[in-house]
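[1] okay, sequence plus prediction incoming.
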Amino acid sequence: MVGTAKGLFVLRGENGKWSIDGPHFAGLAVYSAFFDQRKGRNEMWAAPASWHFGAELCKSTDMGKTWDQPENRRIKMPKTSKKSLENIWQIAPGGDADSLYVGVAPAALFESHDRGATWKLNKGLWSHPHRKKWTPGFGGLCLHTIVAEKDDIKIAISTGGVYQSADGGDSWKVTNTGVKAYFLPDQYPEFGQCVHKIARHPKKKNTYFLQNHHGVYRSRDGATTWQEIEDGLPSNFGFGLTVSDAGSVFIVPLQADGQRFTCEGKLRVFRSRDDGSSWQALEKGLPQKNAYEVILRDAVSSVGNNIFVGTKNGKLFASADDGDSWKMIEGSLPEICCVKAYTL
C-alpha cells in the first residue's frame, strides 16, 4: 500500500513482477494506511485527507475494489477539546486482534476495540500535563508512530518525544532519557524532542530503534533509555526507519536541516545487522549521481526480507534480499507519503 499526495496505490508483486491499482481517493493525500490480516481477515484501512474537508478514515473489505466512506467521520476531535482534526498520521494494530489505534494531529491517540466500528479519544494521553507544552514540528504537532503489544503501548510525537503506557493507555510516562534536543537551551529535556520514528526489533522485544531530528538511537530496556548508534553514518538526520524480520535495521540519512535530501546526491540505504553497532551503505541498484531524493518518515517499510523505500519524487525502490540489491518498481508516482508492505 503506497500512500501519495494524490491518492493511494495498491501494488502486488509475485516472482519479481508487479501490478499497480489506483489511484484510490484520487487527488487526496494519504499519509497513513494499514492492512489488517489478523484472524484471517483482509481489511484495508486508509486515511485520505483533503485540504478543504480534512482527513477521514476509510475501510475496504474487498482488497480495495470499494471503500467505506461514512457520512459521519470515524475520527473527529470532541467538541470539548476545542480542537479540530488536522491530519491522520498513523493507523496501527492494537494489543489484541480487534483493537486499532490512530495517531493524529493535533497530537492525540484514538482507539477502537471493535475492529474500527467505534472510536474514542484516549483520555489518558489527552489529559497528560505535558500536552499543553508540546510544540509543533515542521510537519505540525503530530502523533505519528504507534507500537502496541497487549497493554504496552509506545508512541512518538513531534515534538514531544517518546511516551509509553503499561496499562492499555490509562496512564502515560515520558521516556526520552538520552535523546538530544539540540534546538532547546536544555539539550536533554524530559520532553520536547523531535522524534521522527521508532521501531521495535522483531525478536528482541526490549530492543527499540529511534530516528531523531538529529541522532540515531537504540534502547535495550523497552524504549526507556536511549544510546547513540550513529557512528559510521554520513548524517544523523533522517525520517524513515524499519527493522526487517531478520533483525536488520534500515535508515536513509539525509542532509540536515535546510537541505533535507540524500547525502552527496546519492540514494543510499544504510543497514545494520548488529543493532546499530556498525552500518553498511547499500548502493547496488540505487542511483548514485544527482539523486537528490527525500524520504518521509513512513516511506520505509519491510516484510520478511523485502525492503521498500519511497521518495517524494514518486520513485519506489524494492529489495528482495534484505537490502543487498535494489530495483525501482515504479518511477513516476505522485509524492510518496507512506509505504506499508504485507505478505498475502
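    Perfect, I can see it now.
[2] quick one: distance of the helix or strand where residue 124 lies to the chain centre.
    Using DSSP states H and E, residue 124 maps to helix 123-126. Put simply, helix 123-126 sits 21 Å off its chain's centre (Cα atoms, centre = their mean, to the nearest Å).
[3] likewise for stretch 110-123?
    20 Å.
[4] going forward can the numbers begin at 34, since that is how I track them
    Let's use 34 as the start, then, which means that last one is stretch 143-156.
[5] for residue 193, give me its contacts.
    Shown in contact with residue 193 (Cβ atoms under 8 Å, 6 or more residues apart in numbering): 140, 163, 167, 174, 224-226, 228. (Each C-beta comes from the backbone N, C-alpha and C, glycine too.)
[6] at 10 Å instead, please
    By Cβ atoms under 10 Å, 6 or more residues apart in numbering, the contact list for residue 193 reads 140, 158, 161, 163-164, 166-168, 170, 174-176, 207, 209, 224-228.
[7] mind giving me the packing neighbours of the helix or strand of the chain with the lowest mean pLDDT?
    Every helix and strand of the chain was ranked by mean pLDDT, DSSP states H and E. The lowest is strand 87-88, at a mean of 92. Using 3 or more Cβ pairs under 10 Å, 6 or more residues apart in numbering; DSSP states H and E, the elements in contact with strand 87-88 are strand 62-69, strand 76-83, strand 120-126, strand 133-138.
[8] now the ones you listed as JSON lines including distance to residue 95 and mean neighbour count?
    Below are the helices and strands packed on strand 87-88 laid out as JSON lines (distance: least, Cβ to Cβ, whole Å; neighbours: other Cβ atoms under 10 Å):
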{"stretch": "strand 62-69", "distance to residue 95": "13", "mean neighbour count": "24"}
{"stretch": "strand 76-83", "distance to residue 95": "9", "mean neighbour count": "23"}
{"stretch": "strand 120-126", "distance to residue 95": "18", "mean neighbour count": "23"}
{"stretch": "strand 133-138", "distance to residue 95": "19", "mean neighbour count": "25"}
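[9] so what pLDDT did the residue nearest to the spatial centre of the chain get?
    Centrality entry for the chain: nearest residue to the mean C-alpha point is residue 331, 3.7 Å, by Cα atoms, centre = their mean. pLDDT for residue 331: 97.
[10] phi, psi of residue 41?
    Dihedral angles of residue 41 (phi, psi; degrees, to the nearest 10) stand at phi -100, psi 130.
[11] so in terms of bridging, what pairs with it?
    Beta bridges link residue 41 to residue 36, residue 57, judged by DSSP bridges.
[12] what number of residues lie near the closest residue to residue 200 other than its chain neighbours?
    Distance criterion Cβ to Cβ, 6 or more residues apart in numbering; nearest residue to residue 200, sequence neighbours excluded, is residue 184 at 5.7 Å. Residue 184 sits with 14 neighbouring residues when counted by other Cβ atoms under 10 Å.
[13] try the one 4 residues further on
    The number of residues packed around residue 188, counting by other Cβ under 10 Å, is 28.
[14] helix or strand right after the helix or strand that it is a member of?
    Using DSSP H and E, residue 188 maps to strand 185-191. The helix or strand immediately downstream of strand 185-191 is strand 194-198, counting by DSSP H and E.
[15] tell me the strands beside that next one, with direction?
    Strand 194-198 pairs in its sheet with strand 185-191 (antiparallel), strand 206-207 (antiparallel), by DSSP bridges.
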